[in-house]
Structure formats: C-alpha cells, structure tokens
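A.B. asks: output the structure for:
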Amino acid sequence: ITITITITIKMDPHSFANIHEIEINHVDLNLNVSFSNKTISGEAIFQCRHRAAAPAPAPTPDRDITGDVTSTASKCTSTSTMTLDTKALEIHSVDIDGQSAKFHLKAPEGAFGSALVIDIPPLLQSETKTEPETETETFTSTSTSTSTSTFVLKVQYSTTPKSSGIQWLDPAQTADKIHPYMFTQAQAIHARSILPCQDAPSAKFTYRATVHVPPWATCLMSAVQIHNDNDNINGNDIGNDIGNDNDKDNDNENVFNGTYRATVHVPPWATCLMSAVQIHNDNDNTNTNGNDIGNDNDNDNENVFKWHQKVPIPSYLIALVVGSLQSREVGPRTRVWSEASVVDQAAYEFHQTEEFIQHAEAIMDQEYVWGRYDLVCLPPSFPYGGMENPCLTFVTPTLLTAQAKTLQDGTVQFEKGRELVSVIAHEIAHSWTGNLITNHTWEHFWLNEGWTVWLERKIMARVHSPEYFDFDAITGWNALKDSVDEYGKDHHFTCLKPCLDRVDPDDSFSSVPYEKGFNFLYYLSRVIGEGPFETFAQAYVQKFKYKTVTTEEFCSFFRQYCAARSLDISQVDFDAWINEPGMPTVTPKFDDSLSSSSVDLAQAWFDINRMNKSNYKDNDNDGCKNNNAALERIQNLPDVSTWTSAQMVVMLEKLLDILAEAKESFTIVTLDQMGEQYQFNTSRNAEVRFCWQTLCIRSEGEFCLPCVETFIKEQGRMKFIRPLYRELYRSKFGKTKAMKWFVEWRSNYHPIAQKMVAKDLEISD
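C.D. replies: Modelled structure (predicted):
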C-alpha cells in the first residue's frame, strides 16, 4: 500500500528570513578586517529575486513517513519587505538598486539574533526585469519558482566583539605568539553574526569576496582565490606564492602607491618605501606631511585578497581566516596552512589528503567539484575536530601526534604520528555529503553527518583494510550510547530527526546525527546488500547534488530506487528509525576481529582492579600494591607495543563501559598501575588523554588534576573539554576546580564553546 502525504515546504525554524518569498542567488562582499577594533566591516551586495510560485510557510507535516511524499505549493504574492538574519551586527545603511531603503532591526531573540526588516520600494514589488546572464547561473537553482522581479540589495555593516561566529586571538593565544589571529565558525546559525544573510541551509548562493587585511597577514576563505576580476578560476593556482619567498609570482601582492604616482608590486611578505609620501587610494588628496605612515592602522599598507565560490553554498559554509600563515604543498590540489611553527608538522600529518580525495571520488562516482582542497590547522581554541568549509577545511591541532626530532644539521624531522587522520577523511567526505548535498534544515542534520561518517569509513577501509570499517563503527556505536545516556533515552534530541522548533541547534549537537544516522544507512546496506547500496549512494548524489534534501525526500527516493530494482525492503521500519528516541531497535553485527583484543585487555584490567579491591583496607594503598595475584596478572598482559592508538582508545572505552555496567570504579592503585604500564600521563594523543582522564575522574583519582587542567587549557575542542568539565562537575573532588578553571580560562575558548560549557556547568551568562 502506498500512502501519499501532501505537504507544503516549511519555513526554517531557525531563520527569520523570508526565503519562501525572496531568493538570493549571489553575494559580493567587500570587507575590512580590523584587529585593533576586533571587527569586520564593509558591505554585502545581494543579487535578489522574488519567487512567483513560492510555497507558503506551513506547519510541520505528519511525521509518519512510511509512504511516498508529494508536495503542493501555494502561490504567494509579491512581498513588500525582505527579512535577513543578523546577530550582534551594526547595520549602517541599506540600498536597493542604488537608492536608500528603509530598514529596522527587531529586538534580539537569544541565539537567533535580530531580524533585519527592509522595505522594498513599491515598483520592485511586482516589476519584471531581465536578468543578465552570469556565471553564477551555472548551477540549477534549488527552487522551481520563476522570478517576477529582481533587485540588488546593498547592506553596509560591521560586526561587533559579541559576534558569536568570530574569534579574535591575541598574539599570546597563537602558536607563534607574534601576530594576532582571527577565524570564523558559522555552523550552525552563526553566519548571521558575520554578515546579514538568509542563515538557513536551504538558501544556497555563490559569492565573491574582496578582503582587506594588515600587511603582515594572509587571508583565506572557503572559496578559490582569484588574481583579477576576469580570472576563470580553475582552482589550481591558489597559494602558489603566499607564505613562500617567491619573487617571480604576483599572487597576493602588497600594492603601495606614492606621490609622483608610483605603483610598486612586491611579494606579500615585503614592504615598499619610496622617496615620496604614501597614498591609500587613487582619490587620496594626500596631506604630504606623512604623519600616518608607519602607524598601527589597519588601513595602512594593506594586503588585499579576492575570492570566488562558484558552487552555490549555504551561509554556514562561509569561512574566513586571517593570520600570519605559511603553507606547504602536499598534493596537486592541496596546501596545508598554519603558523610557521606548526605548518611543517601539519603537512607531515596530512600528507594522505589526495589519496583520500581520490578514494571518495571513486566510491561516489562523482568528481570533486570544488577545485581546491586546502586545509588550515587553526589555533587550539577551534571548538571542533574539523569543519568542512568548501575549498578550505578547518582542523584542530589536537590531530597532531607526530614526534619532532632535531637532526645534527638543525633540521626537524617528524616520526610516527598520523594517528587521527580519519578526521581529514571525514571532512573530505563532506565535499559530497553536506556541501554538495545539504540538509534542508538542521532537523535533517543526520543527512549531512550520517552519510559523511559512512563515506569516511569507506575511505579509511580502502586505506587500511575492510575490517577497519567495522572497527571504527564499533567505536561509533559506543559514542552513540554515550550521547543517549547523556540526554536520556527518551529525549527528543536522540531522535534521528528531532523537532528543533525555536531550539538552538548547538544544543542538539552530539553523536546522534553522526552515529545513529550512520547505523541507519548501514542497516539499509545490510537489507539490500553492500554492493547495491554503494550503487544507491552514487544515484543519491546524482539525484540531489547542488540541492538540499529532507528526510522525507531521502526515504521516498530510497523506496522508489529499490522498487524499480525489485529490492525487498519490507522489513525496514522507517518510522522507528527516524522518529523514535533512544538507541536503534536493531543492533548491528560488526566484525570484531580488530577490536576483540582491546575488549579482552579491558576485561583483564577490570579483573585486576577487583583483585586490588579484595586487598583494599582503610585506603591502604601499599597493601593493594602487594596483591601478588594482581601483579602477576599485569606481568602476563599481552604486549601492546604494536597496537594503534585507536586500539588503546577502544580498550579504555570498553573499560569505562564495563565499570559503568558493574557500577564500580578503579582504585587509585589500579590507576597507578595502568598509567605506569602504558605511560598514559605522557601520551601526546588527544583521544587517549581524554579517555584516560575520564577514567581517572570517574574513579575519584585526584592525582590527575594537573594533567586535566593542562589538557582543558591547552585546547578548546568541545569533544574533549565539555565531557571533562561535566565529569569534574559531577565528581566529589572536582566541582570547585571545574568552576574555577572555566572562569579563569573562559575568554580563551571559542564563543560557541564558552556558551556550551557554561550550560554544562549551570553558569548563567
């Protein structure tokens, strides 16, 4: 039986923008980055058009999605206003087609910011215009509407220090400690604090940007760099000269003008002086006294960078980095960027990037469409493992695990490491699932992340072995259980498609969309077969590329695809997978050949701990150490010298699970024995440090406090700091320390991390 559900497209619950009425196809940005004021200022110019047959906003459709989904659209009339999302922005002026337009900012509404409401002149409310052909029309619009009128909207604005999507770092907070640093993080709804926009995943647009930065700085963006306005932008020449001592290339040059009207082009690292007075633009009257030359003024001797993103993207994928950066080439379309003291190690760690891209292209049978794939290793305060900004992936330095060795000639050589590069595979996978195909709203976030985890594991299985796919999936299942336990099994955030009406998407961020989404896809692959499912994945990309997708559309397409090929999916309970909270009702069966030794070792240490407990009297630690049975068992433990760090992490995670199920904790003696056995307290691997410190805190091992303090202050990745702060807060010995350390260190964390940790510690802003 086919059940047909008629729905209308729903307004995004996280955006004020009237996307259903007005579409933005392209944005031009002209921005100035001021470190002295900690602001980004300039103008955003939007190419807009009315939608003639746009679907009107409607309530959420029936959540029973067992049948096919069809949609109907009711026509809306031309609107008299345009609404954009903003947050902590100052709006200076608004023009439409060169004429000043009336506007007002509504009162702020928490995480959602303020609606910017702009009056549209009457003649533009119904007028039809002929649109010029531009290269921004290369891709099919995600809308099926036709245009009744087009117009150009220009907004002059500036950010403020309260903009949640921007972090400004003082020199002391950077690796090199010479220059300040700035980077943005727009996901999920923080783009509105960087520029006024339709801050919703369903609103895709192309963009160009011209960014003015101080002369010592390099600017990077989620786009391909252009060197003149007529550049065809093939994406192959970006970064050829930035950060390199190359006098032959004109890329990213500093331009200086002097009276007797000289224009001199020099490399990006160089400053030019002449026997003249400097001018800052061609219309400068120049007072000839030279008083402002050399002053600490962000507009003097600026570096100018131009960028173009030709593939339509949603606002959350706009990204900007400004700092003293260098780069190293690691592939034909990849450079790794970072500060001078970090860039060589980052290039060493991420040398497999091109291999990962090629595997993804083969798996999805779709070429990489973004031109460049560069990476920037950010300062430690970056709150995520990685961010899939197109053309420029952001990554955390917590991925760096190599050991540096200085040779006799003074050069530095790196050894081992490369233990956490699956994060790079994950961000590369987003180039297909997330960036090329995007969740329609944040309620469908699992379509971004579940698919990306699936593709990441496919990539890494090709790199390592087929068994790796299941090994990593087991760790993911454990992470999913942790998230469900943290929320509670009945919490709606544990649904694959949660209801997020007027809910800050940051609050729902967890392993659920990643791992529950992955397990749903994995289950479907078991139902129809691995080979047919890979073919379906390729068809899915071709069906939805350059578009946004809902859960209903995904399920409908899967059913239609299987029906056309006589694939039996009658056993799939779509409603249970998507709408029921908690763990999936179907437990996957993964190959545990790579994880079994880790599980066995975890059980051995659990047994050792019980032996120590049997000898535990009045906190007599010395007596515990003399438990001969425990010491003998330790001596006979398997050799782990050839283990990967991932195997050690699985061992620690399994041990935490066993202890939780038994409602037991480690004795201090057992912690000492384990720490000494594996040198956990001196590990460079962030994942190992996190699991080990979690075990110590849960066991009330107060001795771990110095190591925990160091770890949560040397980096700001929320995957690590949030759980550790929560564990301290719940412990008998750590609550006061957690509060004290967060208050001391709060300003060093990213604004998003500050907000989330404050909620964890029940600190009101």
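
A.B. asks: centre of the chain versus the helix or strand hosting Arg457, how much separation?
C.D. replies: Under the criterion DSSP states H and E, the helix or strand holding Arg457 is helix 446-463. Centre-to-centre, helix 446-463 and its host chain are 15 Å apart (CA atoms, centre = their mean, to the nearest Å).

A.B. asks: now for the following helix or strand past that helix, which elements pack on it?
C.D. replies: As assigned by DSSP H and E, the chain's next helix or strand after helix 446-463 is helix 466-487. Contact partners of helix 466-487 among helices and strands, from 3 or more CB pairs under 8 Å, 6 or more residues apart in numbering; DSSP states H and E: helix 446-463, helix 517-528, helix 645-662. C-beta here means a position set from N, CA and C on the backbone, and glycine is covered the same way.

A.B. asks: now the angle from helix 466-487 to helix 517-528?
C.D. replies: Between the axes of helix 466-487 and helix 517-528, defined by axes from the mean of the first three to the mean of the last three CA atoms, to 10 degrees, the angle is 130 degrees.

A.B. asks: ok, and what's touching helix 466-487?
C.D. replies: Residues from elsewhere that reach helix 466-487 (CB atoms under 8 Å, 6 or more residues apart in numbering): 422, 453, 457-458, 460-461, 493-494, 510-512, 514-516, 518-519, 522, 582-583, 588, 590-595, 646, 649-650, 653-654, 657.

A.B. asks: I'd like to know which elements the helix holding Arg457 is packed against.
C.D. replies: Using 3+ CB pairs under 8 Å, 6+ apart, helix 446-463 is in contact with helix 353-364, helix 422-429, strand 438-439, helix 466-487, helix 517-528, helix 530-544, helix 551-564.

A.B. asks: turn the ones you listed into CSV, including distance to Val266.
C.D. replies: Below are the helices and strands packed on helix 446-463 laid out as CSV (distance: least, CB to CB, whole Å):
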stretch, distance to Val266
helix 353-364, 31
helix 422-429, 35
strand 438-439, 41
helix 466-487, 49
helix 517-528, 50
helix 530-544, 45
helix 551-564, 53
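
A.B. asks: quick one: which of those is nearest Gly386?
C.D. replies: The closest of the helices and strands packed on helix 446-463 to Gly386 is helix 422-429. By CB to CB, the value is 4.3 Å.

A.B. asks: off-centre distance for that closest one?
C.D. replies: 11 Å.

A.B. asks: how about stretch 187-195?
C.D. replies: 13 Å.

A.B. asks: quick one: mean pLDDT for it?
C.D. replies: Mean per-residue pLDDT for stretch 187-195: 98.

A.B. asks: can you get me a residue count around Gly42?
C.D. replies: Residue neighbour count, defined by other CB atoms under 10 Å, stands at 20 for Gly42.

A.B. asks: residue contacts, it?
C.D. replies: Neighbours of Gly42 in contact, by CB under 8 Å, 6+ apart: 29-32, 156-158.

A.B. asks: who does whatever helix or strand it lives in pair up with?
C.D. replies: Under the criterion of DSSP H and E, Gly42 resides in strand 39-51. Strand 39-51 pairs in its sheet with strand 22-34 (antiparallel), strand 147-159 (antiparallel), by DSSP bridges.

A.B. asks: indicate which one of those is closest to Ala753.
C.D. replies: strand 147-159 (18.8 Å).

A.B. asks: pairing-wise in the sheet, spell out the partners of the residue positioned nearest the centre of the chain.
C.D. replies: The C-alpha lying nearest the average C-alpha coordinate of the chain belongs to Met387 (CA atoms, centre = their mean; 2.5 Å). Counting by DSSP bridges, Met387 is bridged to Phe394.

A.B. asks: tell me how far it lies from Val213.
C.D. replies: 21 Å (CB to CB, to the nearest Å).

A.B. asks: do Leu631 as well
C.D. replies: From Leu631 to Val213 the distance is 61 Å (CB to CB).

A.B. asks: again with Met648
C.D. replies: In terms of CB to CB, Met648 sits 43 Å off from Val213.

A.B. asks: can you give me the helices in the stretch 201-350 of the chain?
C.D. replies: 343-349 (DSSP state H, counting those that start in this stretch).

A.B. asks: mind showing which ranges of it have poor pLDDT?
C.D. replies: Applying pLDDT under 70 to the stretch 201-350 of the chain flags the ranges 229-261, 267-269, 277-300.

A.B. asks: before we move on, the earlier item: just name the most buried of the helices and strands packed on helix 466-487.
C.D. replies: Most buried of the helices and strands packed on helix 466-487, by mean neighbour count (mean count of other CB atoms under 10 Å): helix 446-463, with a mean of 24.

A.B. asks: ok, back up a step: pretty sure the residue nearest to the centre of the chain contacts Phe394?
C.D. replies: Yes: using CB atoms under 8 Å, Met387 is in contact with Phe394, at 4.1 Å.

A.B. asks: shared neighbours of these two, anything?
C.D. replies: 185, 319.

A.B. asks: all strands of the stretch 1-150 of the chain, in order?
C.D. replies: Per DSSP state E, counting those that start in this stretch, the stretch 1-150 of the chain carries strands over the ranges 5-7, 22-34, 39-51, 69-71, 81-86, 89-96, 99-100, 103-105, 114-119, 147-159.

A.B. asks: tell me which of these sits nearest to Gln358.
C.D. replies: strand 22-34 (31.3 Å).

A.B. asks: may I have that closest one exported as PDB, CA atoms only?
C.D. replies: Only the C-alpha atoms of strand 22-34 are listed here, as PDB (Å, rounded to 0.1, in the frame of the first residue of the first chain):
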ATOM      1  CA  ILE A  22      12.800  36.200  -1.900                       C
ATOM      2  CA  GLU A  23      15.700  34.200  -3.200                       C
ATOM      3  CA  ILE A  24      19.400  35.400  -3.100                       C
ATOM      4  CA  ASN A  25      21.500  33.900  -5.900                       C
ATOM      5  CA  HIS A  26      24.800  35.600  -5.300                       C
ATOM      6  CA  VAL A  27      26.600  37.800  -2.700                       C
ATOM      7  CA  ASP A  28      29.500  40.100  -3.200                       C
ATOM      8  CA  LEU A  29      31.500  41.000  -0.100                       C
ATOM      9  CA  ASN A  30      33.900  43.900   0.300                       C
ATOM     10  CA  LEU A  31      35.400  43.600   3.800                       C
ATOM     11  CA  ASN A  32      37.900  45.200   6.100                       C
ATOM     12  CA  VAL A  33      39.400  43.200   9.000                       C
ATOM     13  CA  SER A  34      40.400  45.400  11.900                       C
END
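
A.B. asks: give me the distance between that strand and the centre of its chain.
C.D. replies: On CA atoms, centre = their mean, the centre of strand 22-34 falls 21 Å from the chain's centre.

A.B. asks: same question, stretch 636-653
C.D. replies: On CA atoms, centre = their mean, the centre of stretch 636-653 falls 29 Å from the chain's centre.

A.B. asks: who touches it?
C.D. replies: So stretch 636-653 is contacted by 401, 419-420, 471-472, 474-475, 478, 594-595, 597-602, 604, 677-678, 685, 687-688, 691-692, 694-695 (CB under 8 Å, 6+ apart).
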